[in-house]
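Peer 1: quick one, structure for this:
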Amino acid sequence: MLISKQKPLEEILNYLEGDKNIFVIGCKGCAEGWGSGGEKQVAEMKSTLQEKGKAVTGSVVVDMLCDAALTKLKLRSYKKEIAAADSMLVLTDGAGVQTVAEVVDKVVHPGCNTLSAGGGHAEWKESERCLECGDCMLEFTGGLCPIARCSKHLLNGPCGGSQGGKCEVDPGIPCVWQQIVDHLAKLGRLDKLERFVAPKNWSVSLTSGPPVKRFS
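Peer 2: You can find the predicted model right below:
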């Protein structure tokens, strides 16, 4: 189970600046267990956003948001509400945020930080999707995590060694930064990569710094 905690409201509202219509998603799995994105928290967030002048086009709490097939199937019932939204606010851990980003062609905002449980990291389809680093940066990378999915954990764009959309370290896996660029281009939001972002707060992560991978 991944531990998640809602980001400060001010940070969430900064993410939503310029977006009027919002669709809110929660999870009955880990997020509900930790009180960060279950039925109660989604209802509370809807009310808060409306008080702040946002229009909530709809909301849903998926049984297991990190299950891509289940999430995609569930969201089919909300096509109109999602189409009417400028963006989607996801109240769950990093794995769930990335699932939504990959199954819906909308800008996705992370509403939570994922905290380390001190054990194994989140996996999805036999690959790491969230390193529980405590200060989620998915807002700035189109909902795809370069910390977990880049072999070099690069936060500032692709390295000079990636070729043809493939990773330099392992050509058998895609370069996540190429995926990030392609995804944001598809959404017409490459401007997200032009923002100046404050340095990531590594002090709240398990390692207090970028994770180190050793290659033989």
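
Peer 1: all contacts plus neighbour counts: C-alpha atoms, from now on.
Peer 2: Fine.

Peer 1: and the most centrally placed residue in the chain, how close does it get to residue 145?
Peer 2: Centroid-nearest residue in the chain: residue 97, 3.4 Å away (criterion: CA atoms, centre = their mean). The gap separating residue 97 from residue 145 is 10 Å, by CA to CA, to the nearest Å.

Peer 1: assumed residue 139 was part of a helix.
Peer 2: Yes: counting by DSSP: H, G, I helix; E, B strand; the rest coil, residue 139 is found in a helix.

Peer 1: which one is it nearest to, not counting chain neighbours?
Peer 2: Counting by CA to CA, 6 or more residues apart in numbering, the nearest residue to residue 139 once its immediate chain neighbours are dropped is residue 109, at 5.3 Å.

Peer 1: that neighbour is in contact with residue 90, isn't it?
Peer 2: Yes: in this structure residue 109 lies within contact range of residue 90 using CA atoms under 8 Å: 6.1 Å.

Peer 1: intersection of neighbour lists for these two?
Peer 2: residue 97 (CA atoms under 8 Å, 6 or more residues apart in numbering).

Peer 1: show me which of the two is the more surrounded one.
Peer 2: Taking neighbours as other CA atoms under 10 Å, residue 109 and residue 90 compare with residue 90 leading, 28 against 25.

Peer 1: may I ask which helix or strand of this structure has the lowest mean pLDDT?
Peer 2: Least confident helix or strand of the chain, by mean pLDDT, DSSP states H and E, is strand 122-124 with a mean of 49.

Peer 1: picking up where we left off before, which neighbours do residue 97 and residue 145 share?
Peer 2: In contact with both residue 97 and residue 145: residue 138, using CA under 8 Å, 6+ apart.

Peer 1: residue 41 and residue 189, how far apart?
Peer 2: According to CA to CA, residue 41 stands 28 Å off from residue 189.

Peer 1: what about the two, which has more around it?
Peer 2: Legend: neighbour count by other CA under 10 Å for residue 41 and residue 189, higher for residue 41 (18 against 15).

Peer 1: quick check: which element contains the more buried one?
Peer 2: According to DSSP states H and E, residue 41 maps onto helix 39-51.

Peer 1: doesn't the residue nearest to residue 139 lie inside a strand?
Peer 2: Yes: counting by three-state DSSP, residue 109 is found in a strand.

Peer 1: so in terms of bridging, what pairs with it?
Peer 2: With DSSP bridges applied, residue 109 shows beta-bridge pairing to residue 89.

Peer 1: look at residue 126 and report its pLDDT.
Peer 2: Reading off the confidence values, residue 126 has pLDDT 46.

Peer 1: pLDDT score for the spatially closest residue to residue 111 that is not a sequence neighbour?
Peer 2: Ranked by CA to CA, 6+ apart and with sequence neighbours excluded, the top spatial neighbour of residue 111 is residue 91, at 4.7 Å. With respect to pLDDT, residue 91 scores 98.

Peer 1: next, count neighbours for residue 91.
Peer 2: Residue 91: 31 surrounding residues under other CA under 10 Å.

Peer 1: please apply the same query to residue 177.
Peer 2: By other CA under 10 Å, the residues close to residue 177 number 25.

Peer 1: that one sits in which helix or strand?
Peer 2: Counting by DSSP H and E, residue 177 is part of helix 176-187.

Peer 1: which residues in this structure form helices?
Peer 2: Listed in chain order, the helices of the chain (DSSP state H) span 9-15, 30-33, 39-51, 68-75, 79-83, 94-103, 146-149, 176-187.
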